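Trainee: need a 3D model of the sequence below.
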Amino acid sequence: MLGVAPTRCQPRPSLSLTLQDTAGHNRPFSKSKHRVDGLAARAAGLLTAEEAPMPDRFYKVISGDGHVETPPETWVKYVPEKWRDRAPRLIHLPDGGEGWLVEGQPLLHNGQNIIAGKPIRFRGMSYYNEDGSAATGAGSAEQRLREQDQDGIDAEVLFPPVFASRFLEGIVDPEVYLSMIQAYNTFLAQDFNAVAPDRLIGNAVIPVSGIEHAVAELKRVKDLGIRSVAFYQFPNGTGSPSEEDNEFWETALDIGMKLSPHFGFGDIRAPVGGAGRGTGSQPWASALCQRAGSHAPVYCMSQLIAAGVLDRYPDLEMYFAETNASWLPFSLFFMDDNYELFKDWFGVTLQKKPSEYVRKHFYFGIVRDPMIFQMQHLIPWDRIMWGSDFPHSVGSFPKSAEFFDTAMADVSDDLRRKILLDVPAAFFDLDLNKPITATPS
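Mentor: Model (predicted):
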C-alpha cells in the first residue's frame with residue numbers, strides 16, 4: 001500500500017519517498033530502477049505523467065521486411081532547387097487514388113504498395129484518408145511506431161519505395177539522378193530513422209550510376225547514422241560483377257555497413273543461351289545455378305560465388321529480404337550437384353561447396369511461407385528472419401501475431417524466438433538488453 005497522497009497544502013514529496021512491498025515493509029522508490037513503482041506512483045498521484053517512468057520496453061518481435069511509403073514532399077525538399085522540378089510527382093487520378101510521375105518511366109499507380117491490411121487493389125489507392133490525414137502505412141515516423149504497436153511488433157527493417165529507388169533509374173542525367181537518391185537518403189536519416197533509430201531501421205539506397213557514386217554514398221549515409229543499405233545492381237552499376245566492386249565490398253566491411261539488397265541485385269536470371277548452345281557454352285555462374293531455379297536471389301548468389309567475391313571477402317554477409325525460403329533445400333542441392341557435375345569441364349575448383357557459401361554469407365527473409373515450417377530439419381535457421389512486408393500487399397498487418405501462431409503452431413519457443421528476434425538482432429547489431437524507444441502518444 002502507498003502512503004498518504006499529498007494534499008494541496010503539502011509540498012510534493014521528493015523522489016526519496018517510500019513504498020510498501022507485499023510484506024508490508026517500507027522500501028525506497030527509485031525513479032530509474034523500479035518500473036512498477038512508476039506506474040503505482042502515477043496512479044496514486046504522487047508523480048505526474050511526465051515525472052513517473054513508464055515500464056521499460058524491450059525487443060520481442062523484429063520485422064525484417066517493411067517498406068517506407070511517403071508522399072513526395074517529405075523528401076523532395078532535399079533535392080537541390082535547380083533540379084526539383086524533375087523530381088517524382090504524385091498526381092490525383094480522376095477515378096480515385098494517385099499515381100507517380102517519374103522521369104523516364106510510365107505512370108506508377110498507388111495500389112498494392114499501400115494496402116496495409118485492406119483488400120488488394122492494383123490501382124486507385126491513396127496515401128491520404130478522406131479527411132486528408134495520412135493513410136495507414138504512409139505517415140510520419142511517429143505514426144509508423146504506433147502502427148508497429150498495433151501489429152504487435154517492436155522494430156522494422158525498412159526498404160525504400162520504388163519511386164525513390166528503381167523508378168529513378170529512368171533519369172539519364174547522372175548528376176540529377178544522384179541528387180534524387182541523396183535526397184531520399186537524407187530524409188530517411190534525418191526525418192524518419194532519427195525518431196527511433198532502434199525501431200526504424202531504414203535502408204538507404206545505393207545509386208546505380210557507377211562505383212564512384214556507390215562508394216561515396218555508402219560513406220555519406222554511414223556518416224548520417226544509417227546502419228544498412230539496399231542496392232539493385234552490382235556496385236559498378238551493371239547486372240554483373242566486376243573488379244571495380246571490390247572497393248565497395250571493402251568499404252562496407254571497413255565501416256561496418258550492413259548490406260540488405262532486398263530480393264537480390266544485378267541480373268535476376270541467368271542469360272538464356274541461343275539455339276544449339278548447351279551447358280558447356282554458358283558462363284560458369286549460369287551453369288552453377290542450372291536446375292536450381294530462376295527465382296531471386298539464386299543467380300545473384302551464383303555470380304558472387306563464381307566471381308570469387310566470397311573467397312576474397314570471407315566476412316561479407318548480405319540479407320535478402322522477402323525472398324521466402326522454402327526453396328532453399330532444393331536450390332542448394334542442385335547448386336552443389338551442378339558443381340560436382342560441371343566443375344571439370346569448366347576447370348573450376350571452389351574452396352567450399354556452393355551450399356556452404358550460401359549458409360555462411362547470406363540471410364533470407366520469409367513473409368508468407370508457412371511451408372518452411374514443414375521442413376525444419378532442412379533449413380539453416382540461424383539465417384532466417386521474418387518480415388511483415390507492411391504496408392505492401394502480401395503482408396500480415398494488422399494480424400501478424402495471428403499469422404505466427406498459425407504458421408508456427410508446431411515450432412518450438414526457441415526456434416520462434418530465433419526467427420522473430422535473435423537472428424535479426426544479431427545481423428543488424430541490435431542490443432536485446434537495452435530498452436527501446438517508447439512510442440509517442
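
Trainee: state the phi and psi torsions of Val205.
Mentor: Torsion angles at Val205 (phi, psi; degrees, to the nearest 10) stand at phi -100, psi 130.

Trainee: quick one: low-confidence parts of this protein?
Mentor: Applying pLDDT under 70 to the chain picks out residues 1-53, 273-276.

Trainee: how's it carved up into domains?
Mentor: With domains defined by automatic domain parsing, the chain comprises 1-55, 62-68+140-427.

Trainee: among those, which is the most enclosed?
Mentor: Across those, the average number of neighbours (mean count of other C-beta atoms under 10 Å) peaks for domain 62-68+140-427, which reaches a mean of 19. From N, CA and C alone the C-beta is placed, and that goes for glycine too.

Trainee: separation between Leu188 and Val61?
Mentor: 22 Å (C-beta to C-beta, to the nearest Å).

Trainee: over to Thr406?
Mentor: 15 Å.

Trainee: ditto for Ile181
Mentor: 31 Å.

Trainee: can you tell me the helix or strand for the residue most central in space within the chain?
Mentor: Closest to where the C-alpha atoms of the chain average out (C-alpha atoms, centre = their mean) is Val157, at 2.9 Å. Here Val157 sits within strand 155-159, counting by DSSP states H and E.

Trainee: just to revisit the earlier point, looking at the domains of the chain, which is closest to Pro80?
Mentor: Closest approach to Pro80 among the domains of the chain (C-beta to C-beta): domain 62-68+140-427, 5.5 Å.

Trainee: do you know how far Phe397 is from Asp149?
Mentor: Going from Phe397 to Asp149 by C-beta to C-beta gives 12 Å.

Trainee: that older thread, could I get the domains of the chain as CSV with distance to Pro94?
Mentor: Formatted as CSV, the domains of the chain follow (distance: least, C-beta to C-beta, whole Å):
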stretch, distance to Pro94
domain 1-55, 48
domain 62-68+140-427, 21
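
Trainee: give me the contacts around stretch 243-251.
Mentor: Contacts of stretch 243-251 with the rest of the structure, by C-beta atoms under 8 Å, 6 or more residues apart in numbering, involve 211, 214-215, 218-219, 234-236, 257, 309, 312-313, 316.

Trainee: now stretch 401-409
Mentor: By C-beta under 8 Å, 6+ apart, the residues outside stretch 401-409 that reach it are 151-152, 368, 370, 373, 386, 396, 415-416, 419-420.

Trainee: one more: stretch 321-328?
Mentor: Contacts of stretch 321-328 (C-beta under 8 Å, 6+ apart): 64-65, 157, 159, 260, 262-264, 293, 295-297, 358, 364-369, 371-372, 375, 378-380, 384-385, 387, 389.

Trainee: inside helices: which ones of those residues?
Mentor: Judged by DSSP state H, the contacts of stretch 321-328 include Val358 as members of helices.

Trainee: sitting in strands, which of the contacts of stretch 321-328 do you find?
Mentor: Cross-referencing these against strands under DSSP state E gives 64-65, 157, 159, 364-366, 384-385.

Trainee: quick revisit: which residues touch the residue nearest to the centre of the chain?
Mentor: Contacts of Val157 by C-beta under 8 Å, 6+ apart are 62-66, 201, 203, 228, 260, 319, 321, 385, 387, 424, 428.
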